[in-house]
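*Asks:* prediction below, plus the sequence it came from.
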Amino acid sequence: MNELRTYLLKYVQDLNDILSRSVDDNTIVDLAEEKWVPEDIRLLVIKATGFRSQRFRTLSDSKIAEISVNLVNTDNKMITVNLDNTITAQEVIIELIVAEFIIPNLNGYQLFLKASCLPDNQSFGEIGVRNGDTIKVVPGTTGGGYLDSSTLLSPFAGPSLGTGGSDTNGEQNKPVGKADKTGE
């Protein structure tokens with residue numbers, strides 16, 4: 001716990017050092033968009049300076065972007081944004097956190113388009129996101145995957161659900177909670 005506290009204090013000190021310098025807009029852009037800067041520091045720089053990526057703009061902004069998409073958060077609130085098609089899912093998630101459309105989540109977020117998870121490191125243009133598409137923002141889980149309705153409604157229940165199946169030795173398991181007629 002003490003190591004975490006020291007780590008966080010170091011990051012806050014680094015951020016204060018960065019913000020106390022006289023920096024121009026180009027320096028802020030570099031800090032906010034460079035991959036080598038840790039994500040938490042980038043978020044703090046973006047939040048502290050009010051920096052908005054030119055590749056992520058709401059409809060109220062005056063600049064024109066290449067595609068307009070609808071983003072839906074976990075509360076089913078929708079926002080329409082204009083995006084440059086070179087933006088990635090990871091960059092959109094960061095911008096949504098900064099805009100307070102979604103809250104920071106230790107497990108991260110994934111973007112889903114038509115029941116397909118969008119890769120974090122590919123641009124929307126490479127993925128094939130089109131003008132007018134609706135993208136769902138889904139929080140991550142700690143189980144290494146993301147729940148969707150097909151997972152919950154799967155007809156293939158395994159032994160952990162008490163429906164039978166086979167163990168690691170290939171032997172048939174009995175359903176949990178049911179006694180057989182032989183009294184075993």
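*Replies:* Received it, and whenever you're ready, just let me know what you need. Numbering: from 1, shown residues only.
*Asks:* number of nearby residues for Pro104?
*Replies:* 11 (other C-beta atoms under 10 Å). Placement of C-beta: from N, CA and C, glycine included.
*Asks:* which one is it nearest to, not counting chain neighbours?
*Replies:* Distance criterion C-beta to C-beta, 6 or more residues apart in numbering; nearest residue to Pro104, sequence neighbours excluded, is Ile97 at 5.6 Å.
*Asks:* just the mean pLDDT for the helix or strand containing the one you found, thanks.
*Replies:* Using DSSP states H and E, Ile97 falls within helix 89-98. When pLDDT is averaged along helix 89-98, the result is 88.
*Asks:* how about stretch 102-120?
*Replies:* According to the model, stretch 102-120 has a mean pLDDT of 88.
*Asks:* separation between the residue nearest to Pro104 and Asn70?
*Replies:* Plainly put, Ile97 is 18 Å away from Asn70 if you go by C-beta to C-beta, to the nearest Å.
*Asks:* do the same with Glu91
*Replies:* 17 Å.
*Asks:* helices and strands of this protein: which one bottoms out on pLDDT?
*Replies:* Ranking every helix and strand in the chain by mean pLDDT, DSSP states H and E puts strand 165-166 at the bottom, with a mean of 42.
*Asks:* ok, and what's touching stretch 123-143?
*Replies:* 66-74, 78, 83, 85-89, 93, 96, 101-102, 105, 107-114, 118-119, 146-148 (C-beta atoms under 8 Å, 6 or more residues apart in numbering).
*Asks:* hmm, which of the residues you listed are the buried ones?
*Replies:* Buried by 16 or more other C-beta atoms under 10 Å: 67-69, 71-73, 83, 85, 87-89, 93, 96, 101-102, 109-113, 118, 146, out of the contacts of stretch 123-143.
*Asks:* please flag which of those sit within strands.
*Replies:* Using DSSP state E, the subset of the buried ones among the contacts of stretch 123-143 located in strands is 67-69, 71-72, 83, 109-113.
*Asks:* nearest to Gln13, of the residues you listed?
*Replies:* Tyr109 (28.3 Å; C-beta to C-beta).
*Asks:* leaving out chain neighbours, which residue sits closest to the closest one?
*Replies:* Excluding the flanking residues, the one nearest Tyr109 by C-beta to C-beta, 6+ apart is Ile93, at 4.9 Å.
*Asks:* got a list of what the one you found touches?
*Replies:* By C-beta under 8 Å, 6+ apart, the neighbours of Ile93 are 102, 108-109, 111, 137.
*Asks:* and Leu4, that's in a strand?
*Replies:* No. With DSSP: H, G, I helix; E, B strand; the rest coil as the criterion, Leu4 is located in helix rather than a strand.
*Asks:* kind regards, and thank you for your time.
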